[in-house]
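>>> build the 3D model from these lines:
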Amino acid sequence: MENQSTAKGFKGIARGILLAVTAFLLTIGIFASTAFADLINQYNVEIKVDNESITVTTNETEAIEILSQANITSEKNDKLDLSGFVAGEGGTIAIDRLKNVNIEFDGAINTYGVYADTVGEALNELGITVNSGDKISYSADDAVQDGMIITIHSAKSVCLKADGRTAKYAIYQGTVKDLLQLAQITLGKDDYTKPSLDSELKANMTVTVYRVTYKTVEETEKTAYKTVSQKDSSMAQGTSKTVKKGVKGEDKVTYKVKYVNGKKTSQSEVSRQTVKAPQNAVVKVGTKKVKGSSSVKSNGVKSKNGYTVGQKITGKYTHYCACATCNGNSRGITASGKKIYNGMANPYYIACNWLPLGSVIKVDGKVYTVVDRGGSGLSTPGRIDIFTPEGHSACYKYGTGYCSIEIVRLGW
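Sure thing, here's the model as predicted:
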């Protein structure tokens, strides 16, 4: 008789083995089908980096994942071209690397960024024309290398002066505006060039960029006071006396200042505000006639050195005082020995070189005596310098002008 418990045990073991085998076979089937499916989904993609290319087999659909699979990175300034790539089907992923090349024109070096693969393509990309007479250190088919120096010796070039630097560029067809674009120079709102932007480029031309800036500046300025004259009959005619000194005022002024290439060229007033008003000076002017000023004692000389008594001349006058600035010293001794000093009663003296000392003339009807000499300018006939005892400021006040001169006496 069979032991039922033993039989049941064998049956259980067999069933477990059968289930395990079945699961194993199912796993193999799933794995095989998945691997087969992945194999079916794979496709080829060509990756071009400048002049080099590789082909990868992938089942990725994103370009960035495909590049990562090929251990290729796309830098920030690179150009990524996906126009020839179709996800899941294949094609070409193109990357143009940005490379720095140095172009040397007649000893001047400028650096540019290019995507070109050959020297010829790089020059075309930069808009640089190599003329038949130019010498170039590379051929047009040579590959572009990052940091390479392409030397061009050109018999014709244009010079660009901008932002404190001077650079030479090979001449090519175009205008000054085209040259600035090549040099990557941008003009501000008020900047300008000489020649103008629309000027055609010519051999050996120099183009200068002028940077224009403006600044607002505030300044405190002194303002002039006026001099008010008051007639005084107690004072001799021709004399004056300051009874109240003038005081300059103050204005707060805002200017718009223009700078060209860092140098101030002009300014315009924007606003003006009076901080302190000026106070006018008051001067008393004598009106009392001086006795004897019109009665001149004759010395009997009728003519001398080409001049005659009674002769009338059109003259030109200025004024001087006894200060060191006007007189060359502060001693107050004239060429004739007459003493002068500021503040004295008006002696009605003049300086000139064309009449003898001691001569007497009428200037617009007022009588003066020649007692002093002066610079070469006073040698011109009719040129006189009138002594002004009121001081230096009065000389500026009375100024210069033309007058009528009549010779009353020649010499002492």
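>>> any idea how far the residue nearest to G391 when sequence neighbours are not counted is from A277?
In space, and not counting its chain neighbours, G391 is closest to N342: 4.8 Å by Cβ to Cβ, 6 or more residues apart in numbering. All C-beta atoms are positioned from the backbone trio N, CA, C, and that covers glycine. Going from N342 to A277 by Cβ to Cβ, to the nearest Å gives 29 Å.
>>> who's more crowded, the two?
N342 (18 against 12; other Cβ atoms under 10 Å).
>>> just checking, that one touches E390?
Yes: shown here, N342 and E390 form a contact pair, counting by Cβ atoms under 8 Å, at 7.4 Å.
>>> still on that earlier bit, helix, strand or coil: sort out the residue nearest to G391 for me.
coil (DSSP: H, G, I helix; E, B strand; the rest coil).
>>> quick one, what contacts it?
C321, A322, C323, P389, E390, G391, H392 (Cβ atoms under 8 Å, 6 or more residues apart in numbering).
>>> which one of the residues you listed is nearest N44?
Nearest to N44 out of these is H392 (Cβ to Cβ; 100.5 Å).
>>> and the closest one, how many neighbours?
16.
>>> do the same with I109
I109, neighbours per other Cβ under 10 Å, totals 13.
>>> let me know the pLDDT of it.
pLDDT, I109: 89.
>>> bridged to it, which residues?
E104 (DSSP bridges).
>>> from memory it sits against N100, does it?
No: I109 is beyond contact range of N100, at 11.7 Å (criterion: Cβ under 8 Å).
>>> which intervals of the stretch 151-300 of the chain have sub-threshold pLDDT?
154-156, 171-173, 237-238, 289-295 (pLDDT under 70).
>>> same question for the stretch 1-150 of the chain.
1-39, 106, 132-133.
>>> which non-adjacent residue is nearest E390?
Nearest to E390 is S240, by Cβ to Cβ, 6+ apart, at 4.8 Å.
>>> ok so, going back, tell me how far the residue nearest to G391 lies from D232.
19 Å.
>>> quick one: the strands in the stretch 51-200 of the chain?
52-58, 79-81, 85-86, 90-96, 99-105, 108-114, 135-136, 149-153, 157-162, 165-170, 192-194 (DSSP state E, counting those that start in this stretch).
>>> with distance to N353 as extra columns, can I get these in TSV?
Shown next, in TSV, are the strands of the stretch 51-200 of the chain (distance: least, Cβ to Cβ, whole Å):
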stretch	distance to N353
strand 52-58	95
strand 79-81	86
strand 85-86	100
strand 90-96	87
strand 99-105	65
strand 108-114	62
strand 135-136	72
strand 149-153	69
strand 157-162	54
strand 165-170	56
strand 192-194	51
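>>> to K284, which of those strands lies closest?
strand 192-194 (57.9 Å).
>>> who touches both of N342 and E390?
Contacts common to N342 and E390, judged by Cβ under 8 Å, 6+ apart, are C321.
>>> find the centremost residue of this structure, please.
N261 (1.9 Å; Cα atoms, centre = their mean).
>>> ok, it touching R211?
Yes: N261 lies in contact with R211 (Cβ under 8 Å); the separation is 5.5 Å.
>>> of all the strands of the stretch 51-200 of the chain, which lies closest to T400?
strand 192-194 (41.5 Å).
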